[in-house]
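A.B. asks: Compute the structure for the input listed below.
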Amino acid sequence: MGTDPSYFKGDDRPVETVSWHDCVEYCRRLTLQASDVSADVKAKIKDLTPEQYQREAMKLKGCYRLPTEAEWEYAARGGQQYEYGTAGGEISIETDGSAVSKPARVGSRPPLLFNGDPNLPLYDMAGNVWEWCGDWFGGYSAEAQTDPAGPEWGDDRVLRGGSWYHVNGYTRAANRNYDAPARRNFNFGFRLVRSISQ
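C.D. replies: Okay, the predicted model is just below:
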């Protein structure tokens with residue numbers, strides 16, 4: 001699907017130095033190549049812009065996309081209420097950004113076990129690279145919500161998870177960041193999700 005834009009090269013490193021637009025275009029192309037996605041869905045997404053694709057991919061079965069901010073945080077908390085994903089506050093990062101010079105190898109830290117299930121490991125949810133989310137950045141509602149949606153529009157897109165470049169306080173499930181969707185940075189990466197219902 002093209003060349004690896006990463007500043008830190010390596011098959012075992014996360015892809016970084018990508019914009020939100022780059023990530024969504026990757027998702028669109030991956031969906032177009034998927035053998036289990038219907039021809040109807042492929043026809044609907046073939047010529048969409050990144051903004052159009054991210055919106056439509058939420059509704060179409062089999063589409064790869066960026067997670068919503070709520071989906072990302074739910075996964076990062078391991079289906080639990082704890083800010084680091086575990087009751088004891090442990091986080092799978094060895095040190096803070098003052099002593100780390102690049103992203104860790106993917107999967108080199110212990111995984112977060114979603115709902116404690118060893119069959120559902122999630123790797124590097126915090127502290128490797130900031131991960132783009134599909135939502136526009138906006139303030140939170142004062143009321144409790146289940147699976148909230150981000151604003152309809154905005155100037156900046158959400159980034160979650162902290163990165164190798166920051167101190168541990170940034171690498172927690174509740175921490176939020178944002179940037180312009182065209183911006184690339186050596187500590188911006190992404191994680192894919194896939195829509196399973198239509």
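A.B. asks: Can you get me a residue count around the nearest residue to residue 195 once chain neighbours are set aside?
C.D. replies: Distances taken as C-beta to C-beta, 6 or more residues apart in numbering put residue 63 closest to residue 195, at 4.8 Å, once the chain neighbours are dropped. For glycine as for every other residue, the C-beta is placed from the backbone atoms N, C-alpha and C. Neighbours of residue 63 under the rule other C-beta atoms under 10 Å: 27.
A.B. asks: ok, residue 63 - contacts?
C.D. replies: 27, 31, 37, 41, 45, 56, 57, 194, 195 (C-beta atoms under 8 Å, 6 or more residues apart in numbering).
A.B. asks: Same question for residue 18.
C.D. replies: 5, 26, 132, 184, 188, 189, 190.
A.B. asks: Could you report the separation of it from residue 31?
C.D. replies: Residue 18 is 17 Å from residue 31, where distance means C-beta to C-beta, to the nearest Å.
A.B. asks: And residue 169, by the same measure?
C.D. replies: Separation of residue 169 from residue 31 (C-beta to C-beta): 36 Å.
A.B. asks: of those two, who's got more company?
C.D. replies: Taking other C-beta under 10 Å, residue 169 and residue 31 do not tie; residue 31 has more neighbours (22 against 9).
A.B. asks: my guess is the more buried one meets residue 44, correct?
C.D. replies: No. Using C-beta atoms under 8 Å, residue 31 is not in contact with residue 44; the gap is 10.3 Å.
A.B. asks: Please enumerate the strands of the protein.
C.D. replies: 64-65, 112-113, 121-122, 130-136, 157-160, 176-179, 188-190, 193-194 (DSSP state E).
A.B. asks: Now, the contacts of residue 63 that are in helices?
C.D. replies: 27, 31, 41, 45, 56, 57 (DSSP state H).
A.B. asks: re earlier: show me the one of the strands of the chain that comes nearest residue 14.
C.D. replies: Among the strands of the chain, strand 188-190 comes nearest to residue 14, with 4.6 Å by C-beta to C-beta.
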